[in-house]
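Chemist: this is a predicted model, with the sequence first.
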2 protein chains.
Amino acid sequence: MNTQALLQDKPDTEILSERDMANAIRALVMDSVQKANSGHPGMPMGMADVATVLFRRFIKLDPLHPQWPDRDRFVLSAGHGSMLQYALHYLVGYPDMPIEELQRFRQIGAKTAGHPEYGHAQGIEMTTGPLGQGIATAVGMALAERMQAARFGADIVDHHTYVMAGDGCLQEGISQEAIDLAGHLNLSKLIVFWDNNAISIDGPTSLSTSTDQLARFKAAGFDVQDIDGHDFDEIAGAIAHAKASGRPSLISCRTIIGKGAPNLQGTEKTHGAPLGVAEIAAARLALDWPHEPFTVPEHILETWRDVARRGADERRDWSVRVSKSPLGEDFKLAAQKQVPATVFEELAAFRRDHIEKATKVATRKASEMVLGIVNTATDLTIGGSADLTHSNLTVTPGMRAVASGDFSGRYIHYGIREHGMAAAMNGLALHGGFIPYGGTFLAFADYARGAIRLSALMGQQVVYVMTHDSIGLGEDGPTHQPIEHLAMLRATPGINVFRPADIIETAECWELALKHSDRPSVIVLSRQNLAMLRPGYTDENRSARGAYVLRETAEPRAVTLLATGSEVEIACTAADMLRAQHKIAAAVVSMPSWELFEAQTPAYRRSVLAAAPRIAIEAAARLGWDRWIGDKGAFIGMHGFGASAPASDLYRHFGITPEKIVATARKLISEKEY
Amino acid sequence: MNTQALLQDKPDTEILSERDMANAIRALVMDSVQKANSGHPGMPMGMADVATVLFRRFIKLDPLHPQWPDRDRFVLSAGHGSMLQYALHYLVGYPDMPIEELQRFRQIGAKTAGHPEYGHAQGIEMTTGPLGQGIATAVGMALAERMQAARFGADIVDHHTYVMAGDGCLQEGISQEAIDLAGHLNLSKLIVFWDNNAISIDGPTSLSTSTDQLARFKAAGFDVQDIDGHDFDEIAGAIAHAKASGRPSLISCRTIIGKGAPNLQGTEKTHGAPLGVAEIAAARLALDWPHEPFTVPEHILETWRDVARRGADERRDWSVRVSKSPLGEDFKLAAQKQVPATVFEELAAFRRDHIEKATKVATRKASEMVLGIVNTATDLTIGGSADLTHSNLTVTPGMRAVASGDFSGRYIHYGIREHGMAAAMNGLALHGGFIPYGGTFLAFADYARGAIRLSALMGQQVVYVMTHDSIGLGEDGPTHQPIEHLAMLRATPGINVFRPADIIETAECWELALKHSDRPSVIVLSRQNLAMLRPGYTDENRSARGAYVLRETAEPRAVTLLATGSEVEIACTAADMLRAQHKIAAAVVSMPSWELFEAQTPAYRRSVLAAAPRIAIEAAARLGWDRWIGDKGAFIGMHGFGASAPASDLYRHFGITPEKIVATARKLISEKEY
């Protein structure tokens, strides 16, 4: 499309048409929210004009091919304005968004969920609602675009990432992490519209903020513009400028929240509740929109459908380019995100080798060794760390960092921004073509919580490499020692949480993280060295069962020791002591993944857990362990926060020792007997 | 002290003296980290000059009275530089920080923990380490100062809050939330030193950031300065200017990380590891510091001790002013943070009244009613919300908002900044004189995790009012519906998590939150209306036991239903159905606080849980419930994320219904019998 031509020669009818197009959005929004008796009309009505110009004149998408890789990405960061997205989808003609779906807004099973939910309807690029996630995830998408363009050329990859963000998105701290990264990497095809309506839920934004947002974004390296968000020409001019600016862009759109509702517009009353029958009637008059609810006149609908026709043409042209490109096949392969089978063969050889060598290393080091194999065998993986590269051990030989102006690398220095990293990884995964992994300390999963939850909710293959996983990190003390973090992650639906016990399980857990492409994985790793515990090589990935009997007893079990990660070694020592000193037969069960164990058959679970009394050993909070130890079991772990001291002192101080296990086992057994 | 006089007439010996004073810090830091074989020398050595000038010429503290309310607050936001704080404490003469403590740096039981830990040593204003928390908490301290000054006058309350922040603190998103709030409220006595050494762990900060920090802080309303962090006069001039600026201040201190270590300074190698014996020897030469490890010459030590002498004089003057002030007694009372006993009497009357009336309201509404009583009876409580005031129902009649230039109110519009809110509340609590509470949706506890954990670790009385606590919020859908959040909070040590079932328990839980002054409380509240369930009034606060038998059975129990919050009502309905339809005797146990129940005697716990099979009902993740339901129990709740629909549809959809409970109970009982 020739934007300039449109701008210069646009006749009055064009303005009229865009006004009508925008009012179609407003009417659909009002009616849907009213029918649902729930929802947020203010944002969609305020941003209807911007959305109309963006979609009418600029955006590149084909509703019949919603997964077209070179489509523009549209991210509604202000997710409560979901009806804007649904109205747009109906108007441009996504086949799965008939008018009936708008009429079922916010009802069970509808595609029109309260907030845009990834996977519920086509064309929803991500789940939004928790504020700031959209803009931060879009940074990852825009980064993915640049990285794919560097690999496959602008013939195949050349699209924009458009974000609509509200005051909330800009106030949330994650937005700073995101724009700092975007500005630093100069993600010039990221264009953020700020719905600058000066209203938040409590009232005017002047209640809580005075920040000069334009200056702030400029400080981060953005091109910034300030426009009337209801002036079609200004909007179009700003978008054209942003596309040409060579920098990531912020367009501050001064808007009136709820615009069109004559008595309520400009106030927080339009934000999150239906306008009411009377106000909607008044709005129909004010907007000169005499049409029935959920009815858009044919000529207006047809103008909207032009967006899809233009997109279909662009997609066809693109297909021709891909078929002609020498990199076209590689591009299609990357889109499938299939890790080559050779990786798993090499990892099996790695396991065999290190079982023979009995390699004793920290599991974070084992993870680095595994990544050396993975990153050599495939370039799908994109590494990174929140400024803890040499602690998380996430970089492997030959990996170059991505930098402004050179996107051919595959390692991201995310900076001291765990939340921004997690969101950017979601964006890399959602965009397609990459499997991102990124490191931080497990304790700082706290900072990334909001985005980790979205990884799970969206079922994205993002791998969190979380090292320094317990008091075993030692001197840094309680702020850095995770206690409740395993419980927090295990309680979250849709995540595989792995805590491998040694180098062998680390390789197995990484293999599982690569194979489970429909969910995020968190691989929890030790700072300290851990002995290799596996008795012998088997083809089977034993961690795939979630838990397994690492050491069976010759006689019937008197006690079963359940442990994960660094505590499995302690459990093994205790089992030895029990046998040698007390002739007590203690089995040791390693439980690298509760989720995968839960997914096994009851018979398998029973065979692992067995009937003898059980003791769980984990240097973390107890919460959740009762599921496995049962009524007569015991837990040895943390009962409060950690402390600052060398790791071995801490294990003694907190009583997570073989001696404590032995004493507890003897007590349990005697209680059982008498 | 007359700062200007010092600046103008400072003789050369003064510079020499300050150089020596700063080198004393450097030497102590190098030696302590080396002895511990662990720690972070880079930041303290880089900021030694700034710290020296700040402490020598400006700071107001009395090491013999570390709790003096009008002391300046010094917050080491870059907490890994803890040795800077410990060295300063030794040098100015805190009695609990003899040289031996520096020699025990990072050892078990030492006051010199890896990161500054609140409560471990006197004069540590807060626990730092997780980056960005310091600056964000300091905003709360500076706010508390302004609010106390508004109440008691500048005669009694007139101090500064000084923060030392690193690149990490500024990159973390929480810093944006903090400075936006600080700038908006114009907390002019907040002075932030940025240790601008251009180095982070991965290497030069240019790897990950290009933000113009001065422009960014200016955009937030800060006065900004850029100085040579090794020029004593520039430092002093900048601090004097900042104090006079009338705005919150950022002083960018260009420093050399690890300054003094001739071969390593200016590189990330000095950040987080001992310098090594050879480099320390070389540094001693370079710094002209020929003294033995852990030895500071008497004349230098004496110069440092002048800081304490000046502070002692200032404190004595202040004491005289307080004794003369008509508000002096009130000030002392506020410092004790004692909620008047009348509050609890009124809350008891409230309970009696609403038991009689059988008041059915959402527990968030009940919380608002309780707060009406509390906020009338005491002005210790400071309310607020992260822009969800009318959803969280956290404001009560007559509460005025704090605003720039008028700090006499007691309600804070924290903006859409959950993390910043939580940190600011920590600061309000740490400062003294206030009991802060603040609201958001429970799902967005995610965003505030980092600061909530610090509330717990520091044992601060902060009350989190977290509403919209389950799928019961309905249409907003899975992003807004907490699933794992109760488990996340319950797994965290040191927090009381309350989920009241009705208006009566809400009053009881608030009472407990006000009484437990040594820890944070999270009060988890429903959006939807809930029936009043209490059979009759008792003086006893039944929630204080954590769990209790709400409905006992006439015959021996056949089954016990355990539930919290909105699911207790469902359990009661199920119990009625079981009796009426199946003649099954089902008891109902309400469990508003697992922590308090865990703290009861085993005998009490057994009497509540009893021997019959148990079913837990909670619209949340199962994790943790096995502790209470035991081997033969069942759980009815959520097994994945929520969905968008009206609440009643969701309860049916996810099978959290009386019918499901009845069926499960019958199954459990039949399994038991056969």
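Modeler: Structure's in. What do you need?

Chemist: can we go C-alpha only for contacts and neighbour counts from here?
Modeler: OK.

Chemist: excluding chain neighbours, what is closest to A:Arg315?
Modeler: Of all residues not flanking A:Arg315 in the chain, A:Asp62 sits nearest, at 7.0 Å (Cα to Cα, 6 or more residues apart in numbering or on different chains).

Chemist: can you get me a residue count around that neighbour?
Modeler: Look at A:Asp62: counted by other Cα atoms under 10 Å in any protein chain shown, it has 25 neighbours.

Chemist: isn't it up against A:Ala312?
Modeler: Yes - with contacts counted by Cα atoms under 8 Å, A:Asp62 reaches A:Ala312, the gap being 5.2 Å.

Chemist: how about the closest residue to chain B within chain A, nearest residue that isn't a chain neighbour?
Modeler: Per Cα to the nearest Cα, A:Gly173 is where chain A lies closest to chain B, at 3.8 Å. Nearest residue to A:Gly173, sequence neighbours excluded (Cα to Cα, 6+ apart): B:Gly173, at 3.8 Å.

Chemist: picking that back up, just the pLDDT for the residue of chain A closest to chain B.
Modeler: At A:Gly173, the model reports a pLDDT of 98.

Chemist: need the contact list for it.
Modeler: A:132, B:172-177, B:417, B:419 (Cα atoms under 8 Å, 6 or more residues apart in numbering or on different chains).

Chemist: pick out the most distant pair among those residues.
Modeler: A:Gly132 and B:Ser175 (14.8 Å; Cα to Cα).

Chemist: buried residues, the helix or strand where A:Ala308 lies. List them.
Modeler: For A:Ala308, the element it lies in under DSSP states H and E is helix A:298-324. For helix A:298-324, burial by neighbour count (16 or more other Cα atoms under 10 Å in any protein chain shown) applies to A:300-301, A:303-312, A:314-315, A:318-319, A:322.

Chemist: could you point out which element follows it?
Modeler: Next in line after helix A:298-324, if elements are assigned by DSSP H and E, sits helix A:328-336.

Chemist: what about that next one, average pLDDT?
Modeler: Rounded mean pLDDT across helix A:328-336 is 96.

Chemist: so how far is it off the chain centroid?
Modeler: With Cα atoms, centre = their mean, to the nearest Å as the basis, helix A:328-336 stands 23 Å off its chain's centre.

Chemist: now it: buried residues?
Modeler: Buried, per 16+ other Cα under 10 Å, within helix A:328-336: A:328, A:331, A:334.

Chemist: can I get these in CSV including distance to chain B?
Modeler: Shown next, in CSV, are the buried residues of helix A:328-336 (distance: Cα to the nearest Cα, whole Å):
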residue, distance to chain B
A:Gly328, 32
A:Phe331, 28
A:Ala334, 27
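
Chemist: with those residues in mind, which one is nearest to A:Ile199?
Modeler: Nearest member of these to A:Ile199, counting by Cα to Cα, is A:Ala334, at 43.3 Å.

Chemist: cross-check the contact I'm expecting between the closest one and A:Ala429.
Modeler: No - using Cα under 8 Å, A:Ala334 makes no contact with A:Ala429, being 11.9 Å away.

Chemist: would you map the strands across the stretch 51-200 of chain A?
Modeler: Along the stretch 51-200 of chain A, the segments classed as strands by DSSP state E, counting those that start in this stretch run A:73-76, A:161-165, A:190-196, A:199-200.

Chemist: need the least confident one among those, by mean pLDDT.
Modeler: Among those, strand A:199-200 scores lowest, with a mean of 92.

Chemist: run me through the strand neighbours of it, direction for each.
Modeler: Partners of strand A:199-200 in the sheet, by DSSP bridges, are strand A:203-204 (antiparallel).

Chemist: which strands and helices sit next to the next helix or strand after the strand it pairs with?
Modeler: Note on strand A:203-204: by DSSP H and E, the next helix or strand toward the C-terminus is helix A:213-219. Other helices and strands packing on helix A:213-219, by 3 or more Cα pairs under 8 Å, 6 or more residues apart in numbering or on different chains; DSSP states H and E, are strand A:223-228, strand A:249-254, helix B:213-219.

Chemist: dump those into CSV; add mean neighbour count and mean pLDDT as well.
Modeler: CSV is the format used below for these (neighbours: other Cα atoms under 10 Å in any protein chain shown; pLDDT from 0 to 100):
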stretch, mean neighbour count, mean pLDDT
strand A:223-228, 19, 98
strand A:249-254, 25, 98
helix B:213-219, 22, 98
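
Chemist: next up, the contacts around the spatially closest residue to A:Ala144 that is not a sequence neighbour.
Modeler: Excluding its sequence neighbours, the residue lying closest to A:Ala144 (Cα to Cα, 6+ apart) is A:Leu428, at 5.3 Å. Applying Cα under 8 Å, 6+ apart, we find A:Leu428 in contact with A:140-141, A:143-144, A:434-436.

Chemist: how about A:Asp212?
Modeler: B:219-220.

Chemist: ok, what's across the strand from A:Ala362?
Modeler: A:Asn529.

Chemist: wait, it sits on A:Leu530?
Modeler: Yes - A:Ala362 is within contact range of A:Leu530, at 5.4 Å (criterion: Cα under 8 Å).

Chemist: list the residues that contact both of the two?
Modeler: A:502-503.

Chemist: tally of neighbours for A:Met45?
Modeler: 32.

Chemist: quick one: residues contacting it.
Modeler: So A:Met45 contacts A:25-26, A:29, A:84, A:257-260 (Cα under 8 Å, 6+ apart).

Chemist: equivalent analysis for A:Ile199, please.
Modeler: By Cα under 8 Å, 6+ apart, the neighbours of A:Ile199 are A:167, A:205, A:257, A:266-268.

Chemist: which of these are close to chain B?
Modeler: A:Thr205 (Cα under 8 Å from any Cα of the partner chain).

Chemist: restricted to helices, list the contacts of A:Ile199.
Modeler: A:Asp167 (DSSP state H).

Chemist: and of the contacts of A:Ile199, the nearest to A:Gly640?
Modeler: A:Asp167 (38.5 Å).

Chemist: how much space between the closest one and B:Gly427?
Modeler: With the distance defined as Cα to Cα, to the nearest Å, A:Asp167 ends up 25 Å from B:Gly427.

Chemist: could you do A:Ala554 as well?
Modeler: Counting by Cα to Cα, the gap from A:Ala554 to B:Gly427 is 58 Å.

Chemist: in terms of neighbours, single out the busier of those two.
Modeler: Taking neighbours as other Cα under 10 Å, A:Ala554 and B:Gly427 compare with B:Gly427 leading, 30 against 9.
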